[in-house]
Structures are given as structure tokens and as C-alpha cells.
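Student: I would like the atomic coordinates for the input below:
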Amino acid sequence: MNPIDPFLRRTLIAYFSMEIALRPEMHTYAGGLGVLAGDTARSAADLELPMVFVSLVSRAGYVRQEIDAGGRQLALPNPWVPEQFTAPLDAMVAVSIEGREVWIRPWLFPLTCPLGHCIPVLLLDTDLDQNSPDDRQITDHLYGGDQAYRLKQEIVLGIGGARMLQALGFNIHTYHLNEGHAALLTLHLLRYFREPAEDVEPGESPYDHALVREHCIFTTHTPVEAAFDKFPYPLVERLLDDYIEISEIKRFAGEDDLNMTRLALHLSGRVNGVSERHAETTNRLFPGYHVRAITNGVHAPTWTHPSFARLYQTHFPHWAHEPEVLTRADQLSDESIWNAHQEAKRDLLTRIKDSSGILMRPDVPLIGFARRMTQYKRPDLLLSDLARIGAIARQRPFQVVFAGIAHPRDGWGQSLIESINHHSRQIANATPIVFLPNYDIRVAASLVSGVDVWLNTPQPPLEASGTSGMKAALNGVLNLSVLDGWWLEAHIEGVTGWAIGEGSETADKHAEDADDLYHKLEQTVLPLYYDDRARWTWMMKQAISKIGSYFNSTRMMRRYATEAYIR
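Tutor: Numbering: from 1, shown residues only. Reported below is the predicted structural model:
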């Protein structure tokens, strides 16, 4: 039997994402977008949603990060072997790029949840004998290459992915575009629903835009215009040839460049932001569109440390499938919560020692910061005033662990990593600071469960949502975060965690936010940890019951199913 056959009859929804985190050994993701896609797939399997997921195979991966003696990032190749985890399907489709046929083959990864439900994930691959050497590499490097390479990848994902689903026999009703990378899928649908020439009145468009919108949902993650994927039209004409008239594309994607976000916005019947604030920001960026909000969530069983999973399973046997029962976590004993956390912390301290040789103490509060290293995330905010950090640490000792990868072409991000490592050496006598290399989902799971405080310091309103703090809360870790993204919805001061600043969107608030961060650490967070363990543990339970029970991908996917997929 064809391995795809069991999925064909029931699958109605296709989810397209440039990256997806399925297993640590499968290097098909770079960061938060891919991790979200993986959690989305896991919850879709849990809920038996009739979905198929489409992404790229990314044989060469994204980046394997090492840190050299000077504290600088080394971005090394990070290949993986699809044959070890996926099965090739007996199907190929071709897309036209620069006037030649580029062939695509899918690899199948059947994602099975603990309840036994399974959904298909298709990873598209152009490394085929039928293709030229250059075309064989199109699906190799995630977010690699120049603009032409990126546009070729997005042709393969959007147009090739839609054709592949048809070739395999899927009858898709709804296409969910996770960010703008797959927006060329809408051009495929425009051609598919094109009216015959004899039925078109003179001066009318042969393309049924309304019908395309009925079939497309778009989730946007980027809150600034400058960060959207854009391609100059001469490049688009060269690569897409006469696939669809450039004048038609310009109607939807912009006159100056092909803006993938604008294309998806114009040709999707529903547009979602990933937090309430992000939806408001997107509505300001694109007036005239109705951008709704379905706040992101995380897959609770995936991100919960085994010590907490055992505790939840004992008291709430259905917690993994129904995370909302974690609202009762505030009834758990202080001792059980603290013991579970200490087990997770010991595991993280072991990882830190094995990676860095630095022995951190289990009885000293540990602050964690880990995410993509780029300027707007402000990972260096904590290190703005080393003298003040030293003074605070001498009164109330604390430890810090950083992790995160900078894109190889992000000079700011790479300099931030070097700066963090430089500052950690400068202040080593006052407080230990460690940068863990090669941040991936294994390291992330260890960090979000093992630290005591999760730090997040983005420049508002640039944090569209953020999900790392949600993962931390599932493990009783308290958030100390700037009021942006999801934290605006989850923050209850002194209950679920603490706020840094007032969430102002003014760009010159760096010094004020740093001052508030130091003040919170010195006057509130560290004294509470050392002097009032009962209150600290009470807050841990509040974080689990109020955040873990709601900010999960089970709730997120139920909302997508009822509000977006069923229309």
C-alpha cells in the first residue's frame, strides 16, 4: 500500500511553512517559526485534525554553531540524512524556474502522537538526478543564499508544494500559510481557478480572486515592513517566466517589489496575528485589512520536563491532551513543585558543566535568556551596566545562562554574541555567565525547564508573540519580561512574573528598560527568591495554572479549527 493512502480521504487542510521542527536530529528548522510549526503539527495529531504539513527538506540544515576562543560565532554546516527518519514517496512534480523544469520529490515523515493519531509531514526535495547541479541544491540550505536562491525556494514551497499535494491525490479545501514564504501558492490557485478565455468579458480579469481567498488562511509573524520578504520584479520575471502576468502580481504584491506578505494578505480570506498586540500592530501597518488574533501556544507534553510531567500525570491524568486541567496546578503541594523544579535545574546545570566546564550552584537563582540573536531582541540589555550587575550580585548572588544563534549574514547578531562572551569574562569574578553554543530544541527544552527566571527583553512592538516564556511557565519558571507580544496577555505583576518597563514603543527606552530590569532584580526578584520561598513557590504554581493551562498549542489549534478552518 502507498504510505500516503491512509491520509488522502480525510485530509482537508494543508499547512505550509518554510521550516518545521520535528526532531532534534532533523535540521529542518532555524528558530521560533519552525518550532511553532512543529508544535502545531503535534497538536494537530493530538486533536486528529485532518491536516497535512508541507515544508522543505533542508538537507544542509541551518547553522551548527560553535564559539571560538574570542567569543565569536562560527557558523558551520549542519547536514542531516533524510533516509534515516523519513521515507521517499513515489511521486515527482515539476515547476518552471528560469524557463526550465525543476523536479521535486517529497519525503514523508509520519508524525504520531502518544495517543496513536498520525498526520503526514511532506518535506520537498530537489536533489534529484533529473535536475541540474544548481537546481539540485535549491532545497539544501535553510534561509541560505542570495535573493535568487530564496525566491527559488519559495517557488518550490508554494507552487511546487501545492502541485505535489494534487499529484499525491489530496483534496485540499483550506491552505494555511505560516508566514509569507509560501505566498506564491496563491498564484498557483489563481491559475488553477482561472476562467476559460471564452468566458471572460473584455477588460475583465480571468482570475477568480474571491475563490482563492475562500481557500487561503494567512498567519503573519513579522511586525515591521522592512523585515518582509521582497523580490525585485526583474528577478521575478526571470525566475517565474510567464507563469502569471506581472501586472496581475503587482495588483496584490505591490508596485515596486513582490512583497510576499502583501501578496498573502490580498489573497487570503482570513489573516491572523500571533498575539493581540501583534494583530493591532499589523492592522496599523496594513490599514483596510481585518487582522484577527490567535495567540500562539506551545505543545505542553513536548516542553514539560519529565519531573513535572510525572507530577502532572499523577494528579491530572489527561493533562497532555487537555492542558486546561493545569488550572488546578495551584492545588499541588509546595514540596512537590519545588522538588520537580530542582530535578530540572540539576539536569540543566549538568548540561552547562559538560558544555562549558563551569560549575553553577543549585542553591543560587539562575536567569536564562535564549532566542535568536538579533538586535531587536536586545540580549545585551542585562549587561548594559557591569558595575551595577556586580553590585547586585555581591548582595544577592545570581547566575546567568545565554544561548542563541545569529544568522550568518546578521552582523549585529554576531557582534551581540561576541559582546556577551566578552562581558561574561569581564564580570566572571562577580557572577558566572555562560553562553551555551549550538542552540537547538534539546538545549531549549533544558533551559526553559531548568532556570529559575526566564528573561525576555525585546524592543516593543517587535516581539510578535514569543513562545519561550510559555514553555518556561509550564515548568514553573517565572517570567521577567518586557511588556510585548504574548506577555501583555499573560502578565500579572507579582503573580505570574514581573514586567520590565511599561511596554512603550519609543525606540530610545533602552537605558530606562535596563534601569527597571536592574531595579526589579535588586528590589523584588532576588529578595523574594532568598527571603520568601513560600511566596516564590506560590508564584510558580500561579505560572503553571494561569499560563500553562492557556498558552498551549492545543488551545491554539482548537481556535484555528473552529474560527479559521471551519468557515
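Student: Name the SS class of residue 65, please.
Tutor: Under DSSP: H, G, I helix; E, B strand; the rest coil, residue 65 falls in the strand class.
Student: where does this structure dip in pLDDT?
Tutor: Scanning the chain for pLDDT under 70 picks out 1, 197-203, 226, 507.
Student: mind running it again at 90?
Tutor: The model of the chain has pLDDT under 90 over residues 1-10, 113-117, 144, 192-208, 222-228, 241-242, 288, 428-430, 502-510, 566-567.
Student: So which residues of the stretch 251-400 of the chain form strands?
Tutor: All strands of the stretch 251-400 of the chain, identified by DSSP state E, counting those that start in this stretch, fall at 257-259, 270-273, 291-293, 366-370, 399-403.
Student: Residue 40 is nearest to which of those strands?
Tutor: Closest approach to residue 40 among these (CB to CB): strand 270-273, 12.2 Å. C-beta here means a position set from N, CA and C on the backbone, and glycine is covered the same way.
Student: Which positions in the single longest strand found in the chain come out as buried?
Tutor: Assignment by DSSP state E gives strand 100-112 as the longest strand of the chain. Buried residues in strand 100-112, counting neighbours by 16 or more other CB atoms under 10 Å, are found at 102, 103, 104, 105, 106, 107, 108, 109, 111.
Student: coming back round to it: which one of the strands of the stretch 251-400 of the chain lies closest to residue 425?
Tutor: Of all these, it is strand 399-403 that lies closest to residue 425, at 13.1 Å by CB to CB.
Student: Run the chain-centre distance for the closest one.
Tutor: Distance of strand 399-403 from the chain centroid (CA atoms, centre = their mean, to the nearest Å) equals 21 Å.
Student: by contact count, what packs against that strand?
Tutor: If contacts are counted by 3 or more CB pairs under 8 Å, 6 or more residues apart in numbering; DSSP states H and E, strand 399-403 sits against strand 366-370, strand 433-436, helix 441-450.
Student: export those to JSON lines and tack on mean neighbour count?
Tutor: Below are the helices and strands packed on strand 399-403 laid out as JSON lines (neighbours: other CB atoms under 10 Å):
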{"stretch": "strand 366-370", "mean neighbour count": "24"}
{"stretch": "strand 433-436", "mean neighbour count": "22"}
{"stretch": "helix 441-450", "mean neighbour count": "22"}
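Student: Nearest to residue 533, out of those?
Tutor: strand 366-370 (15.4 Å).
Student: Turn the buried residues of strand 100-112 into a markdown table, including distance to residue 141.
Tutor: Below are those laid out as a markdown table (distance: CB to CB, whole Å):
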| residue | distance to residue 141 |
| --- | --- |
| 102 | 16 |
| 103 | 19 |
| 104 | 16 |
| 105 | 18 |
| 106 | 19 |
| 107 | 17 |
| 108 | 22 |
| 109 | 20 |
| 111 | 24 |
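Student: Just give me the closest of the residues you listed to residue 15.
Tutor: residue 111 (11.6 Å).
Student: and the closest one, what are its bridge partners?
Tutor: Beta bridges link residue 111 to residue 119, judged by DSSP bridges.
Student: what's near enough to touch it?
Tutor: Residue 111 makes contact with 22, 41, 42, 45, 53, 118, 119, 120, 121 under the criterion CB atoms under 8 Å, 6 or more residues apart in numbering.
Student: With residue 219 instead?
Tutor: Contact analysis of residue 219 by CB under 8 Å, 6+ apart lists 176, 177, 178, 179, 271, 272, 273, 274, 294.
Student: Any idea what it is bridged to?
Tutor: Taking DSSP bridges as the rule, residue 219 bridges to residue 178, residue 272.
Student: Distance of it relative to residue 37?
Tutor: As for residue 219, its distance to residue 37 is 10 Å (criterion: CB to CB, to the nearest Å).
Student: For the two, list the residues in contact with both.
Tutor: Common contacts of residue 219 and residue 37, defined by CB under 8 Å, 6+ apart, comprise residue 178.
Student: picking that back up, buried subset of the contacts of residue 111 as a PyMOL selection?
Tutor: Restricted to buried positions by 16+ other CB under 10 Å, the PyMOL selection for the contacts of residue 111 reads:
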select buried, resi 22+41+42+45+53+119+120+121
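Student: any idea which of the contacts of residue 111 is the one closest to residue 489?
Tutor: Nearest to residue 489 among those is residue 42, at 22.4 Å by CB to CB.
Student: ok, longest helix in this protein?
Tutor: Identified as the longest helix of the chain according to DSSP state H is helix 334-356.
Student: which strands and helices sit next to that one?
Tutor: helix 306-315, strand 366-370, strand 433-436, helix 441-450, helix 533-543.
Student: and if we set it to 10 Å?
Tutor: Under the contact criterion of 3 or more CB pairs under 10 Å, 6 or more residues apart in numbering; DSSP states H and E, helix 334-356 touches helix 306-315, strand 366-370, strand 399-403, strand 433-436, helix 441-450, helix 533-543.
Student: tell me the angle of that helix relative to strand 399-403?
Tutor: 60 degrees (axes from the mean of the first three to the mean of the last three CA atoms, to 10 degrees).
Student: Report the buried residues of helix 334-356.
Tutor: Across helix 334-356, burial judged by 16+ other CB under 10 Å covers 336-337, 340-341, 343-345, 347-349, 351-352, 355-356.
Student: Specify the angle between that helix and strand 366-370 in degrees.
Tutor: 60 degrees.
Student: In CSV, list the C-alpha atoms belonging to helix 334-356.
Tutor: Extracted C-alpha coordinates of helix 334-356, given in CSV (Å, rounded to 0.1, in the frame of the first residue of the first chain):
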residue,chain,number,x,y,z
ASP,A,334,4.9,23.4,47.5
GLU,A,335,7.2,20.5,48.2
SER,A,336,6.2,18.6,45.0
ILE,A,337,6.6,21.7,42.8
TRP,A,338,10.0,22.6,44.3
ASN,A,339,11.4,19.1,44.1
ALA,A,340,10.3,18.8,40.4
HIS,A,341,12.0,22.1,39.6
GLN,A,342,15.2,21.1,41.4
GLU,A,343,15.4,18.0,39.3
ALA,A,344,15.0,20.0,36.1
LYS,A,345,17.6,22.5,37.4
ARG,A,346,20.1,19.8,38.2
ASP,A,347,19.8,18.5,34.6
LEU,A,348,20.5,21.9,33.2
LEU,A,349,23.5,22.5,35.5
THR,A,350,24.9,19.2,34.3
ARG,A,351,24.5,20.3,30.7
ILE,A,352,26.2,23.7,31.5
LYS,A,353,29.1,21.9,33.2
ASP,A,354,29.5,19.4,30.3
SER,A,355,29.4,22.2,27.7
SER,A,356,31.4,24.9,29.4
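Student: Run the angle between it and helix 533-543 for me.
Tutor: Counting by the same axes, to 10 degrees, helix 334-356 lies at 80 degrees to helix 533-543.
Student: Just give me how far helix 334-356 sits from the chain centre.
Tutor: Distance, stretch centre to chain centre, for helix 334-356: 25 Å (CA atoms, centre = their mean).
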